[in-house]
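Asker: Need the 3D shape of this:
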Amino acid sequence: MRRPRLFASLLAAMGLVLGGALVASPAQAANLVADPGFESGTVAPWSCESAEVVAAPTRSGTKALKSTASASSIGRCALTVPVQPSSAYTLSAWVQGSYVYVGATGANQTWTGSAASYTQLQTSFTTGATQTSVEIYVHGWYGQGDFFVDDVSLDGPPGDGGGEGGVPGTPGSARVTASSETSVTLAWDAVSDVDGYKVRRGTAVVADTTATIATVTGLSACTSYEFSVSAYNAEGSGTPASVSARTTGCADSGIADRALIGYLHSSFANGSGYIRMADVPSEWDIINLAFGEPTTPTSGDIRFSLCPASECPNVESKAEFIAAIGQKQAEGKKVLLSIGGQNGQVQLTTTAARDAFVSSVSAIIDEYGLDGLDVDLEGHSLYFNPGDTDFRNPTTPVIVNLISALKTLTASYGDDFVLTMAPETFFVQVGHQFYGGAGGGDNRTGSYLPVIHALRDDLDVLHVQDYNSGPVMGLDGQYHNMGGADFHIAMTDMIKAGFPVANTGHTFPGLREDQIAFGLPAAVSAGNGYTSPAHVHQALDCLTSGSNCGGYTLRGGPSPDLRGLMTWSINWDKYYGWEFMDSHRPYLDGL
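Answerer: Just a heads-up that it's a prediction; the model follows:
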């Protein structure tokens, strides 16, 4: 976040590691894919972003599927096929083109880097204990142009399709509608051909109802819980929907209900000019000091100092800086140390680095009298080792040690400690489609998810950087591009509603609405993805009240208690005449 830069191309990232298996011969068994060679001459029943059936090139027969991966689309085509629970399946397809993927949602995928002629891709998976359908898909990658698909095969025991005569489908839009210190109320969309719905916490059934709403009681205050909702009939239970809920009764961190959050260039100027702490306008509720950086990437030893006078001639003395922080706090503001940024790689590869991190961060917080910590790790700070596929139980040291360090800090300072995080979309929402530990592409995708999940009861605000990002697939199955209201709506809705994590079989539970904000560049020079105030307000209209959504349907429902907005940065906002502050402070106050 430190200096304007383009977000690393997802294409380049995905090209770093190629784990797809190229095979020489097809599996021979019952093919569950109707019209596997597209000989009918139509794309249906596949659902495609943009595709057609062509006469050449083909691998066999007279037809094949052609789709195009453009600058803003991967040309995805998907087909839902009935399957049997707890059964093994083999998926294969013949493909031609660059970076062509074949996979099953919630299971495995494989791909080829470049295939000038038809090459067969094959992957296998086992369905879940209650799974009755699977979505198979093919797609290319951004900007790689045309690709072709022929002779698709899904081998395994046939399913009955659910619905009439079969087990019911999955309840839609599972959500929290109310909560108290000891209970939460859950709701979901109805499913056809059901006898009832069961709500489970773990394996225990906590509600069995014919309605589409249930209240779970006997819970502890200020605690997060995960539930699943499944529909059932005489044939059995369908695939469950997951939902996370948190009871009320948490200690008040003192953050403004509608927070305007900004980064202050405290240790450098960055071309936008230095602002003394005392001169930061009162409109800013959380001021993140940019940045605390490590002595070496793996030391864990974080240092922070004010901008040198040679770079910032108007810099105040350390004593004046500390006194100004105290004055801001007396006015009800929060001042945090932000760790990382674009240049500050923090890799806690060892427990010694973890302990040095805790010790050095504590020393800075105590020395400057700060309110807490902002975690802004970018670049290669977080990544997964191969096989680290469960965000609920991570095994990679840099992630495990960071979680441990943050838990130690929050426990040490108590309820008044403020913890915020500022990940890029690559490390959060992109985990919906690609998860680094599961293999396939960049091992950093989704790497903030285990950290967010482990700290969800301590996290005050998550403000994902909705900028310096490539297109990201939302919960509507569409790709969203930064710079307009649509991107902020779709990305923030994912954080509220939660989402399946790539092919891991796990679902990331959404956060409480008061934990959620989203980040924007203050001006065109601050980062790619600048959004005009009108479009920001449209996004906030949609997210807080469900109105003015531009055709997008909120999967997580409206969030009237959405925390607010973050920007990079206060300095850039001043440089451009305070457009961000003057536009959004009044809007937030009016909510």
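Asker: the helices in the stretch 101-250 of the chain, which residues?
Answerer: Assigned helices in the stretch 101-250 of the chain: none (criterion: DSSP state H, counting those that start in this stretch).
Asker: same question, the stretch 451-591 of the chain
Answerer: Using DSSP H, counting those that start in this stretch, helices in the stretch 451-591 of the chain cover 485-497, 533-545, 570-575, 579-590.
Asker: And the helix or strand harbouring Ala93, what does it pack against?
Answerer: Using DSSP states H and E, Ala93 falls within strand 88-104. Applying 3 or more Cβ pairs under 8 Å, 6 or more residues apart in numbering; DSSP states H and E, we find strand 88-104 packed against strand 109-126, strand 133-139, strand 145-155. Every residue, glycine included, has its C-beta placed from N, CA and C.
Asker: Going by neighbour count, which residues in that strand are buried?
Answerer: If you call a residue buried by 16 or more other Cβ atoms under 10 Å, then strand 88-104 has these buried ones: 89-104.
Asker: In the residues you listed, find the pair that's most separated.
Answerer: Tyr89 and Ser98 (26.9 Å; Cβ to Cβ).
Asker: rewinding a little: what pairs with the strand holding Ala93, and is each one parallel or antiparallel?
Answerer: The strands beside strand 88-104 in its sheet (DSSP bridges) come out as strand 109-126 (antiparallel), strand 133-139 (antiparallel), strand 145-155 (antiparallel).
Asker: Ok, which of those comes nearest Gly369?
Answerer: When those are compared (using Cβ to Cβ), the closest one is strand 109-126, at 49.8 Å.
Asker: Check the model's average confidence along the closest one for me.
Answerer: For strand 109-126, mean pLDDT is 88.
Asker: which parts of it are buried?
Answerer: Buried-residue list, strand 109-126, by 16+ other Cβ under 10 Å: 109-112, 115, 118-125.
Asker: Pick out the most distant pair among those.
Answerer: Across the buried residues of strand 109-126, the longest distance by Cβ to Cβ is 23.1 Å; it joins Tyr118 and Phe125.
Asker: where are the low-confidence patches of the protein?
Answerer: 1-30, 71-72, 106, 160-166, 439-440 (pLDDT under 70).
Asker: Do I have it right that Val95 meets Thr119?
Answerer: Yes: with contact defined as Cβ atoms under 8 Å, Val95 reaches Thr119; the gap is 6.2 Å.
Asker: got any residues that touch both of these two?
Answerer: Thr112 (Cβ atoms under 8 Å, 6 or more residues apart in numbering).
Asker: With respect to Ser469, which of the strands paired with strand 88-104 lies nearest?
Answerer: strand 133-139 (18.9 Å).
Asker: what comes up buried for the closest one?
Answerer: Of the residues in strand 133-139, 133-134, 136-139 count as buried by neighbour count, 16+ other Cβ under 10 Å.
Asker: phi, psi of the closest residue to Tyr576 other than its chain neighbours?
Answerer: Leaving out its chain neighbours, the residue that sits closest to Tyr576 by Cβ to Cβ, 6 or more residues apart in numbering is Ala523, at 4.0 Å. Dihedral pair for Ala523: phi -160, psi 170, per degrees, to the nearest 10.
Asker: Thr215 - how many residues pack around it?
Answerer: 16 (other Cβ atoms under 10 Å).
Asker: what's the distance between the nearest residue to it once chain neighbours are set aside and Thr177?
Answerer: With sequence-adjacent residues excluded and distances taken as Cβ to Cβ, 6+ apart, Thr215 is closest to Thr185, at 4.6 Å. In this view, Thr185 and Thr177 are 5 Å apart by Cβ to Cβ, to the nearest Å.
Asker: Same question for Arg512.
Answerer: Taken as Cβ to Cβ, the span from Arg512 to Thr177 is 13 Å.
Asker: Compare these two and say which is more crowded by neighbours.
Answerer: Arg512 (20 against 12).
Asker: give the contact list for that one.
Answerer: 246, 561.
Asker: just checking, next helix/strand downstream of whichever strand or helix holds Phe357?
Answerer: Per DSSP H and E: Phe357 is located in helix 351-368. Toward the C-terminus, helix 351-368 is succeeded by strand 372-377 as the next helix or strand (DSSP H and E).
Asker: That following strand - contacts with which helices or strands?
Answerer: Taking 3+ Cβ pairs under 8 Å, 6+ apart as the contact cut, strand 372-377 packs with strand 286-294, strand 334-341, helix 351-368, helix 397-413, strand 418-421.
Asker: now those as JSON lines including mean neighbour count and distance to Ala245?
Answerer: Below are the helices and strands packed on strand 372-377 laid out as JSON lines (neighbours: other Cβ atoms under 10 Å; distance: least, Cβ to Cβ, whole Å):
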{"stretch": "strand 286-294", "mean neighbour count": "26", "distance to Ala245": "26"}
{"stretch": "strand 334-341", "mean neighbour count": "25", "distance to Ala245": "26"}
{"stretch": "helix 351-368", "mean neighbour count": "18", "distance to Ala245": "31"}
{"stretch": "helix 397-413", "mean neighbour count": "19", "distance to Ala245": "21"}
{"stretch": "strand 418-421", "mean neighbour count": "23", "distance to Ala245": "20"}
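Asker: would a markdown table of these with distance to Asp252 be doable?
Answerer: Listed next are the helices and strands packed on strand 372-377 as a markdown table, based on distance: least, Cβ to Cβ, whole Å:
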| stretch | distance to Asp252 |
| --- | --- |
| strand 286-294 | 15 |
| strand 334-341 | 12 |
| helix 351-368 | 20 |
| helix 397-413 | 15 |
| strand 418-421 | 11 |
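Asker: For Pro57, find the nearest of the ones you listed.
Answerer: Of the helices and strands packed on strand 372-377, nearest to Pro57 by Cβ to Cβ is helix 397-413, at 44.2 Å.
Asker: relative orientation of that closest one and helix 351-368 in degrees?
Answerer: 40 degrees (axes from the mean of the first three to the mean of the last three Cα atoms, to 10 degrees).
Asker: neighbouring contacts of helix 397-413?
Answerer: For helix 397-413, the surrounding residues in contact (Cβ under 8 Å, 6+ apart) are 300, 346-351, 353-354, 357-358, 361-362, 365, 372-373, 375, 377, 381-385, 388, 394, 417, 419, 447, 450-451, 454-455, 458.
Asker: Report the distance from that helix to the chain centre.
Answerer: 21 Å (Cα atoms, centre = their mean, to the nearest Å).
Asker: Distance of Leu337 relative to Gln327?
Answerer: Applying Cβ to Cβ to Leu337 and Gln327 gives a distance of 18 Å.
Asker: I appreciate the help and will end here.
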